[in-house]
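> Quick one, structure for this:
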Amino acid sequence: MWGLMINRSRDVVRMGAQWYAPGTEKSGFLEEGAPLAEIDEEVKAEKLNRLSKSVWSFSRALARHLTPPDEDEEQFQKDVRERLEPAQAEALIASDHRPNRAMYDIGCAINDLPMHFMRRNQMDLDVAHFEDISGGCERIFGTPVPLVYSRHTARYLTAYLLMLPLG
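Purely as a prediction, here's the structure:
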């Protein structure tokens, strides 16, 4: 699951950087003879930075969501406040389900990029995979270890420890 999330994260950021194209929002391409739209490199860097930080916030929020309540909260809040804009960080921290809030932030960052809607839809499909990953991780986290497995492990360890002095 985690490897799939890393691959999808890279894919979303790559598509955002590759498909950033002002002037192509309506038709998907530049009309013949139409002048190329000026790309303000500073605005582009700002929007792509927002996208990459939003993608980072999803993996960080999911990791926090899957850890015990008091284990990582302080570090999570510190990390989020350091990397995200104050309003986005506080909204993420205050959210009841932080991975969902992070996916919302990713969607907002994608919608802010100038690109054709078909390309935006393709990026949204990858964000939908984040939902599947989140659900899969929650399912694994919530599944108890069967008693038979834990007893078998305890018996094996007991036998091993009793045999150590003999070897």
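> going forward, measure contacts between C-alpha atoms and count neighbours the same way
Noted.
> host element of residue 71?
In the assignment (DSSP states H and E), residue 71 maps to no helix and no strand.
> oh, and call the first residue 387 from now on, that's how I've got it
Shifting the count to begin at 387 puts that one at residue 457.
> Just give me the neighbour total for it.
Applying other C-alpha atoms under 10 Å, we find 10 residues neighbouring residue 457.
> Contacts only, for the residue nearest to residue 397 when sequence neighbours are not counted.
In this structure, residue 397 finds its nearest non-sequential neighbour in residue 512, 7.7 Å apart by C-alpha to C-alpha, 6 or more residues apart in numbering. Contacts for residue 512 (C-alpha atoms under 8 Å, 6 or more residues apart in numbering) come out as 394, 397-398.
> and the helix or strand containing residue 514, how far from the chain's centre?
Here residue 514, judged by DSSP H and E, is contained in helix 503-528. Put simply, helix 503-528 sits 9 Å off its chain's centre (C-alpha atoms, centre = their mean, to the nearest Å).
> C-terminal to it, which secondary structure element comes first?
helix 533-549.
> Could you list the buried residues of that following helix?
Within helix 533-549, no residue counts as buried by 16 or more other C-alpha atoms under 10 Å.
> could you dump that helix to CSV, C-alpha only?
Taking C-alpha atoms only, helix 533-549 is exported to CSV below (Å, rounded to 0.1, in the frame of the first residue of the first chain):
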residue,chain,number,x,y,z
LEU,A,533,-5.5,-15.6,18.5
VAL,A,534,-4.2,-18.8,16.9
TYR,A,535,-1.3,-16.8,15.4
SER,A,536,-0.4,-15.0,18.6
ARG,A,537,-0.5,-18.2,20.6
HIS,A,538,1.6,-20.0,18.1
THR,A,539,4.2,-17.3,18.3
ALA,A,540,4.2,-17.3,22.1
ARG,A,541,4.7,-21.1,22.2
TYR,A,542,7.5,-20.9,19.6
LEU,A,543,9.3,-18.2,21.5
THR,A,544,8.9,-20.0,24.9
ALA,A,545,10.4,-23.2,23.4
TYR,A,546,13.2,-21.2,21.8
LEU,A,547,14.1,-19.4,25.1
LEU,A,548,13.9,-22.7,27.1
MET,A,549,16.4,-24.3,24.6
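> Give me the mean pLDDT for that helix.
Across helix 533-549, the average pLDDT comes to 85.
> who touches that helix?
Residues contacting helix 533-549 (C-alpha under 8 Å, 6+ apart): none.
> One more: stretch 478-487?
Against stretch 478-487 from outside (C-alpha under 8 Å, 6+ apart): 444-445, 447-448, 451, 463, 466, 477, 488, 517, 520.
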